[in-house]
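Undergrad: The sequence isn't on hand, but the structure is:
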């Protein structure tokens, strides 16, 4: 094609291709394993931490606490170990951010995804707490929980809330982050 007959848009496209930016963007958004990417979205680690925290709450709900010192000490030591592992996982996930990198490196699409992930997390937590607190209250009344058992359940529910707050944004963002195929 004669260069004098080319449209202004095709000339602009050529100028953009000449900068190399389209190739760099395609490489940065690619799923290709050969791409040396510093930050990767976490997809399965948040699920593991949430599962451990949920199991802890379920065990506290179905296993009534006996107030003798041996079983109380065992329960407290097991819960302490689980809490330490959960919070370590949450801190590692939360400090890297929902997209696996600091927010100052986000483009517009990533910033919108980060915002959506936090809004999803807060909405889900509000709904779970609005339903879960009355259910726990009714369960404690019907099953005549002792004060110690109620306290352990409340602590486990608080740990689950902290776990969800720290990991749900990462989980949501990592599963909604669109990668382009390497061409």
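TA: That came through, no problem. Source: prediction; values computed, not measured.

Undergrad: what are the ranges of the helices in the chain?
TA: 8-19, 21-28, 45-62, 69-96, 108-142, 147-176 (DSSP state H).

Undergrad: looking at the ones you listed, which is buried most?
TA: helix 147-176 (a mean of 19; mean count of other Cβ atoms under 10 Å). Any C-beta I mention is one placed from the backbone N, CA and C, and that applies to glycine too.

Undergrad: Just name whatever secondary elements that one is in contact with.
TA: Applying 3 or more Cβ pairs under 8 Å, 6 or more residues apart in numbering; DSSP states H and E, one finds that helix 147-176 makes contact with helix 45-62, helix 69-96, helix 108-142.

Undergrad: Least reliable of these by average pLDDT, please.
TA: Mean pLDDT values for the helices and strands packed on helix 147-176 show the minimum at helix 69-96, a mean of 70.

Undergrad: Give me the pLDDT for residue 24.
TA: Residue 24 is given a pLDDT of 69.

Undergrad: And the one 4 residues further on, by the same measure?
TA: Each residue has a pLDDT score; the one for residue 28 is 62.

Undergrad: Also residue 183?
TA: Reported pLDDT for residue 183: 49.

Undergrad: Same check on residue 98?
TA: On the pLDDT scale, residue 98 gets 66.

Undergrad: same check, this time on the one 5 residues further on
TA: Residue 103 is assigned a predicted lDDT (pLDDT) of 67.

Undergrad: Equivalent analysis for residue 161, please.
TA: Confidence score, pLDDT, at residue 161: 90.

Undergrad: Can you tell me how far it is from residue 106?
TA: From residue 161 across to residue 106, the span is 26 Å (Cβ to Cβ, to the nearest Å).

Undergrad: and if you look at residue 163?
TA: 24 Å.

Undergrad: if we can go back for a sec, right, and the helices and strands packed on helix 147-176 - which one's nearest residue 173?
TA: helix 108-142 (4.1 Å; Cβ to Cβ).
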